[in-house]
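Asker: Quick one, structure for this:
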Amino acid sequence: MPQFNRLPKHIGFIPDGNRRWAETRGLPQEAGYAAGIEPGFQLMKLCRSLGIQEVSVYGFTKENVRRPGEQVAAFREATASFGVRAVEAGVALLAVGDCDSHVFPDALRPFASERSPGDIKVNLLVNYGWQWDFFSAIEAGRENGEISYRSAPQALASGQVSRIDLIIRWGGRRRLSGFLPIQSAYADFYVVDDLWPDFQPEHFLQALTWYQEQDITLGG
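Answerer: Residues are numbered from 1 along each chain as shown. As a prediction, the model looks like this:
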């Protein structure tokens, strides 16, 4: 394992490319989601071994549920399976997303309001949308009279999620895709061209090596 002088406290992961991975193997697109579960546990194990304090992972978005029904069923099942197994493995899981919707997996509802006990914090974005997140802060402002710019982040539905230092996206796309925009405001962004189910530990270690070279100013 390489030695790093500076590690991000909080890393965001966008595990993209599942459908493309399935297509290249002649499989139905929905088959790619289950193939991404084990890589997720490999990555979580690496984060634990390095002492990363917090990670946020894209499960699925409110926009994703517009996809064909068989795909929606597959990524809901894969997200729920990962979340439940993560709790069993002892992580401190928080499911962040619109749990009032019927598409939110029932198995993850207990973790939508309260983080499970555990060591590394894992924020799993489930039926998440940035508009939904922002609207919660607006509603809080209406109920409480006013929210200042300093208190606004805590008023978000994702208010328990801390500022992100580094975002790593698999699948080659160079976009944030609505991933926790407030917490990601000063995050460095690293792209892995390989598709998510083809995850290798080297992807993560190379991203951390790249992060060592970045000038962290937070706008200053």
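
Asker: Surely Val55 forms part of a strand?
Answerer: Yes. Under DSSP: H, G, I helix; E, B strand; the rest coil, Val55 falls within a strand.

Asker: In PDB, list the C-alpha atoms belonging to the helix or strand of the chain with the lowest mean pLDDT.
Answerer: Sorting the helices and strands of the chain by mean pLDDT, DSSP states H and E puts helix 152-155 at the bottom, at a mean of 72. Output of helix 152-155 as PDB, limited to C-alpha atoms (Å, rounded to 0.1, in the frame of the first residue of the first chain):
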ATOM      1  CA  ALA A 152     -28.300  26.900   4.900                       C
ATOM      2  CA  PRO A 153     -26.100  23.800   4.500                       C
ATOM      3  CA  GLN A 154     -27.400  22.400   7.800                       C
ATOM      4  CA  ALA A 155     -31.000  23.000   6.600                       C
END
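
Asker: What helices and strands are in contact with that helix?
Answerer: Applying 3 or more C-beta pairs under 8 Å, 6 or more residues apart in numbering; DSSP states H and E, we find helix 152-155 packed against helix 130-144. From N, CA and C alone the C-beta is placed, and that goes for glycine too.

Asker: tell me which residues in whichever strand or helix holds Arg76 are buried?
Answerer: According to DSSP states H and E, Arg76 maps onto helix 69-88. By neighbour count on 16 or more other C-beta atoms under 10 Å, the buried set for helix 69-88 is 71-72, 74-87.

Asker: Just list the residues touching the residue nearest the centre of the chain, thanks.
Answerer: Central residue of the chain (C-alpha atoms, centre = their mean): Val57, 1.7 Å from the mean position. Counting by C-beta atoms under 8 Å, 6 or more residues apart in numbering, Val57 makes contact with 12-13, 15, 40, 82, 122-125.

Asker: and what of Pro105?
Answerer: Counted by C-beta under 8 Å, 6+ apart, Pro105 has contacts 76-77, 79-80, 83, 126.

Asker: Please tabulate the contacts of Val57 in a markdown table, including the columns pLDDT.
Answerer: Putting the contacts of Val57 into a markdown table (pLDDT from 0 to 100) gives the following:
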| residue | pLDDT |
| --- | --- |
| Gly12 | 98 |
| Phe13 | 98 |
| Pro15 | 98 |
| Gly40 | 97 |
| Phe82 | 98 |
| Val122 | 98 |
| Asn123 | 98 |
| Leu124 | 98 |
| Leu125 | 98 |
